[in-house]
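In: Using only what follows, build the 3D model:
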Amino acid sequence: MKSKMIFGFHAVTARIRHEASSIEEIYVDAKRVDGRMQDLLSAAKAANVRIIMVDDQRLDRIVGTRRHQGVIALAGELTLARNLDELLDAIVGPPLLLVLDGITDPHNLGACLRVADGAGAHAVIVPKDRAVGLNATAAKVASGAAESVPYITVTNLARTLRELKERDIWLIGTTDDAEKGLYDADFSGAVALVMGSEGEGMRRLTRETCDFLVSVPMFGAVESLNVSVASGVCLYEARRQRLVKN
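Out: Have a look, this model is predicted:
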C-alpha cells in the first residue's frame, strides 16, 4: 500500500475519524501538550493508531515546512470512490459535481474541496494534466474535506464531460464574459459546475463542451473572485435551489 503524508490537526483528525485503519503511524511534537493535541492523541489511541513522539525539528524536516501544527500522519489511500462510473452509480438523487480545469495552486484546490464538502457536492473532478494534484498542502487546506469528498482524476477531461452529458448531467461553465448570470441558471437538477483557473479560465475545448455559461455577478471594484470563493458561491446557490425545490 502506497502511503502519503497528511499534516495539520483538521486533516489528521478527519482521517482518524473516517478511516483510522489506513493510517500507518502518526508523528507528533512531544513538547505540545495542549488540549487540542490531547484530543487528537486520545482519538488515535482509541483507534489503535501507532503514535511516535518526536521533536518539532524532525517534523519540519519530514514536511519541509513549519506549518504542520505539530502532527503528521503517514497513511494509505482512502476507499472513497476513485472511478467516475462507480461514483455516479452510487449517487441517490441528482448529482452535484465540481469540475476544476487547470487548478495548479494546492491552496486553491484544498479550499475548493472544503467548499465542495460544505455544499454537499458529490465529487470534485480534475484532469490529470495541468492540475496540482491532491498533495499534503492541499489536504491540509481542505481541513478534512480530502477525506470525505471523492477526488476523481481523469485522463481526458473533454471526454469525461461528454460522458457526463450522456448521463443527462448538465454542464454549467463559469466565465466572466458569459451573457447569463449565475442566478439565471437552474442548478436544481443533475449538474456539473465547471470552473477554470484564475487568469486563463477554462480551456477552449472545456468551454465549448459546456451546455451553457454563466458569470458570477460582481458589484465592487474587483473584476473576479478567487476560484475557491467562486466555487463556493456557485455551489451554495445550487444547494439553495435544491432546498427550495424540495
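
In: So Glu223, which state does it fall into?
Out: Secondary structure state of Glu223, per DSSP: H, G, I helix; E, B strand; the rest coil, is coil.

In: Could you do Ile52 as well?
Out: The three-state assignment at Ile52 reads strand, by three-state DSSP.

In: quick one: it and Asp29 touch, right?
Out: No. Using C-beta atoms under 8 Å, Ile52 makes no contact with Asp29, being 10.9 Å away. C-betas here are computed from N, CA, C, even on glycine.

In: I'd like to know how many residues surround Val99.
Out: For Val99, the count of nearby residues is 26 (other C-beta atoms under 10 Å).

In: how far is whatever helix or strand it lives in from where the chain is centred?
Out: Assigned by DSSP states H and E, Val99 belongs to strand 96-101. Centroid separation between strand 96-101 and its chain, computed with C-alpha atoms, centre = their mean, to the nearest Å, is 10 Å.

In: Also stretch 107-123?
Out: Here stretch 107-123 is found 4 Å from its chain centre; the criterion is C-alpha atoms, centre = their mean.

In: Please identify the buried residues of it?
Out: Buried residues in stretch 107-123, counted by 16 or more other C-beta atoms under 10 Å: 107-117, 119, 121-123.

In: re earlier: neighbouring contacts of the strand holding Val99?
Out: Applying C-beta atoms under 8 Å, 6 or more residues apart in numbering, the contact partners of strand 96-101 are 109, 112, 116, 119-127, 130-131, 157, 161, 164, 169, 171, 187, 191-197, 202-203, 206, 227, 231, 235, 238-239, 242.

In: Mind checking which of those residues land in helices?
Out: Applying DSSP state H to those, the entries found in helices are 109, 112, 116, 119, 157, 161, 164, 206, 227, 231, 235, 238-239, 242.

In: Now restrict the contacts of strand 96-101 to buried residues only.
Out: Buried, going by 16+ other C-beta under 10 Å: 109, 112, 116, 119, 121-127, 131, 157, 161, 164, 169, 171, 187, 191-197, 202-203, 206, 227, 231, 235, 238-239, 242, out of the contacts of strand 96-101.

In: Could you chop the chain up by domain?
Out: The chain resolves into domains spanning 4-75, 84-245 when parsed by automatic domain parsing.

In: count of neighbours near the nearest residue to Leu134 once chain neighbours are set aside?
Out: Using C-beta to C-beta, 6 or more residues apart in numbering and skipping the chain neighbours, the partner closest in space to Leu134 is Tyr151 (5.3 Å). Taking other C-beta under 10 Å as the criterion, the count of residues near Tyr151 is 23.

In: And Ile16, by the same measure?
Out: Look at Ile16: counted by other C-beta under 10 Å, it has 21 neighbours.

In: Please tell me I have it right and Glu147 contacts Thr13.
Out: No. Glu147 is beyond contact range of Thr13, at 9.3 Å (criterion: C-beta under 8 Å).

In: more crowded one of those two?
Out: Using other C-beta under 10 Å, the more surrounded residue of Glu147 and Thr13 is Glu147, with 25 against 20.

In: quick one: the more buried one from Val141, how far?
Out: Applying C-beta to C-beta, to the nearest Å, the value for Glu147 to Val141 is 13 Å.

In: got a list of what Asn135 touches?
Out: With C-beta under 8 Å, 6+ apart, Asn135 has these contacts: Pro106.
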